[in-house]
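Asker: Give the three-dimensional model of this entry:
(one chain, ligands or ions: 1)
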Amino acid sequence: AVFSCALSFAGAAAAADMTIGFSQIGSESGWRAAETSVSKIEAEKRGIDLKIADAQQKQENQIKAIRSFIAQGVDAIFVAPVVATGWDDVLGEAKDAEIPVVLLDRTIDTKDDSLYLTAVTSDTVHEGAVAGEWLAKEVAGKDCNVVELQGTVGSSPAINRKKGFDEAIASHSNIKLIRSQTGDFTRTKGKEVMESFIKAEGGGKNICAVYAHNDDMQIGAIQAIKEAGLKPGTDILMVSIDAVPDIFKAMADGEANATVELTPNMAGPAFDAVAAFKADGTVPPKWIQTESKLYLPDTAQAEYEARKDLGY
Ligand code: AHR
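Answerer: This next block holds a predicted model:
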């Protein structure tokens with residue numbers, strides 16, 4: 001068993017009696033806002049009392065929130081870790097207090113994987129690879145200069161989405177990554193960075209494609225490209241990750257070409273894993289992997305309609 005204290009948790013609480021603390025990163029993107037909404041919906045379905053602490057993008061706030069959840073004696077703690085490093089001490093405190101921790105949507109760098117019960121995430125390296133493979137197929141043999149908008153520096157999705165994309169294009173000598181900079185997963189910074197790329201690259205004429213680590217930065221980039229007098233989706237190919245309603249709208253309007261889905265429902269599987277663990281000591285797999293599906297413009301209008309009606 002991952003937690004040596006597994007049996008002492010067993011049978012302690014049914015899902016409906018649980019109080020769970022969730023240290024959320026903030027609201028940097030549409031995807032993040034959706035994850036927060038879906039977590040509340042999933043908690044309500046199960047009768048779970050979910051306490052969400054918004055860390056405003058700061059790891060120190062997340063550490064404070066986790067300590068406060070430990071002091072309150074919650075049944076479990078969920079963390080969406082803003083960066084990958086620096087978690088061992090505080091998660092060690094949760095472990096000493098016999099409170100299981102679940103990582104949501106991002107992973108951590110640690111030598112001690114007993115510090116968390118499970119991680120509910122996608123394969124973020126694979127997401128980058130899906131984006132890179134789509135581009136390689138799309139430009140097949142033609143020279144293509146790519147600019148990359150990276151996510152938050154030091155976060156697992158930024159590190160992994162870069163790695164997956166780099167690996168996917170490595171064998172395609174026609175594709176060159178000419179610029180890469182962080183846009184911190186936000187629309188505003190995505191736009192700002194894209195403006196600087198356009199300026200540095202002949203008013204955008206040298207750029208063949210934008211790879212953004214999330215849709216929000218891509219939407220910022222779309223704006224910057226339009227303001228520069230170019231057509232995103234036509235003059236410059238646009239591929240990103242998340243599959244939020246706004247990127248489907250952009251795809252339906254011909255301004256984006258592809259997105260890789262990251263489900264915002266990380267909490268549902270996490271609640272179920274904790275409930276089973278509490279009920280009879282069932283230890284979940286260390287990684288509960290969510291799907292990464294590629295979406296293209298042909299289904300964009302329908303996906304937009306379906307998602308906007310979900311109400312988040
Ligand atoms: O960790 C998931 C990433 O965080 C999403 O792709 C991005 O939109 C969010 O901010």
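Asker: ok now do residue 233, which residues does it touch?
Answerer: By CB atoms under 8 Å, 6 or more residues apart in numbering, the contact set of residue 233 is 222, 250, 251, 253, 254, 255, 256, 257. From N, CA and C alone the C-beta is placed, and that goes for glycine too.
Asker: Identify the residue spatially nearest to the second one, adjacent ones excluded.
Answerer: The one in question is residue 250. Once flanking residues are discounted, residue 250 sits nearest to residue 256: 4.0 Å by CB to CB, 6 or more residues apart in numbering.
Asker: contacting residues for the one you found?
Answerer: 218, 222, 232, 233, 238, 239, 240, 247, 250, 297.
Asker: JSON lines please, covering those residues and showing distance to residue 202 and secondary structure.
Answerer: Below are the contacts of residue 256 laid out as JSON lines (distance: CB to CB, whole Å; DSSP: H, G, I helix; E, B strand; the rest coil):
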{"residue": "218", "distance to residue 202": "21", "secondary structure": "helix"}
{"residue": "222", "distance to residue 202": "19", "secondary structure": "helix"}
{"residue": "232", "distance to residue 202": "16", "secondary structure": "strand"}
{"residue": "233", "distance to residue 202": "19", "secondary structure": "coil"}
{"residue": "238", "distance to residue 202": "18", "secondary structure": "strand"}
{"residue": "239", "distance to residue 202": "21", "secondary structure": "strand"}
{"residue": "240", "distance to residue 202": "23", "secondary structure": "strand"}
{"residue": "247", "distance to residue 202": "26", "secondary structure": "helix"}
{"residue": "250", "distance to residue 202": "24", "secondary structure": "helix"}
{"residue": "297", "distance to residue 202": "27", "secondary structure": "helix"}
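Asker: Pull out the buried residues from stretch 35-44.
Answerer: By neighbour count on 16 or more other CB atoms under 10 Å, the buried set for stretch 35-44 is 35, 36, 38, 39, 40, 42, 43.
Asker: got the residues of this structure near the ligand?
Answerer: Taking CB under 6 Å from any ligand atom as the contact definition, the chain meets the ligand at 28-29, 31-32, 105-106, 157, 185, 214, 216, 241-242, 262.
Asker: follow-up on the earlier one: what's the closest of the buried residues of stretch 35-44 to residue 204?
Answerer: Each of the buried residues of stretch 35-44 was scored against residue 204 by CB to CB, and residue 35 proved nearest at 32.5 Å.
Asker: Verify the contact between the closest one and residue 106 for me.
Answerer: No: if you go by CB atoms under 8 Å, residue 35 and residue 106 don't touch, sitting 10.9 Å apart.
Asker: Now do the shared contacts for those two.
Answerer: residue 80.
Asker: about what we covered before: distance of the residue nearest to residue 250 relative to the ligand?
Answerer: 15 Å (CB to the nearest ligand atom, to the nearest Å).
Asker: again, but for residue 54
Answerer: 13 Å.
Asker: Then residue 180?
Answerer: Counting by CB to the nearest ligand atom, the gap from residue 180 to the ligand is 17 Å.
Asker: May I have the strands that pair with the helix or strand containing that residue, each with its orientation?
Answerer: Using DSSP states H and E, the element containing residue 180 is strand 175-182. Using DSSP bridges, strand 175-182 pairs in its sheet with strand 144-150 (parallel).
Asker: And the next helix or strand past the partner strand?
Answerer: Scanning forward in sequence from strand 144-150 by DSSP H and E, the next helix or strand is helix 156-169.
Asker: neighbouring contacts of that following helix?
Answerer: Contacts for helix 156-169 (CB under 8 Å, 6+ apart): 81, 84, 105-108, 121, 124-133, 135-136, 146, 148, 150-152, 175, 177, 180, 182, 185, 211, 213-214, 241.
Asker: Over to stretch 193-200?
Answerer: Taking CB under 8 Å, 6+ apart as the rule, stretch 193-200 contacts 147, 149, 179, 181-183, 204, 207, 210, 217, 220-221, 224-225, 227-228, 230.
Asker: Off-centre distance for it?
Answerer: Mean-position distance between stretch 193-200 and its chain equals 25 Å (CA atoms, centre = their mean, to the nearest Å).
Asker: do stretch 191-205 as well
Answerer: On CA atoms, centre = their mean, the centre of stretch 191-205 falls 26 Å from that of its chain.
Asker: tell me which residues of it are tucked away?
Answerer: By 16+ other CB under 10 Å, the buried positions in stretch 191-205 come out as 191, 192, 193, 194, 195, 197, 198, 204.
Asker: Give the buried residues for stretch 103-113.
Answerer: Neighbour-count burial for stretch 103-113 [16+ other CB under 10 Å]: 103, 104, 105, 106, 107, 108, 110.
Asker: Correction: the previous question concerned stretch 48-62.
Answerer: Result for stretch 48-62 [16+ other CB under 10 Å]: buried residues 48, 50, 51, 53, 54, 55, 57, 59, 61, 62.
Asker: Check for me that the last one belongs to a strand.
Answerer: No: checked against DSSP: H, G, I helix; E, B strand; the rest coil, residue 62 lies outside a strand; its state is helix.
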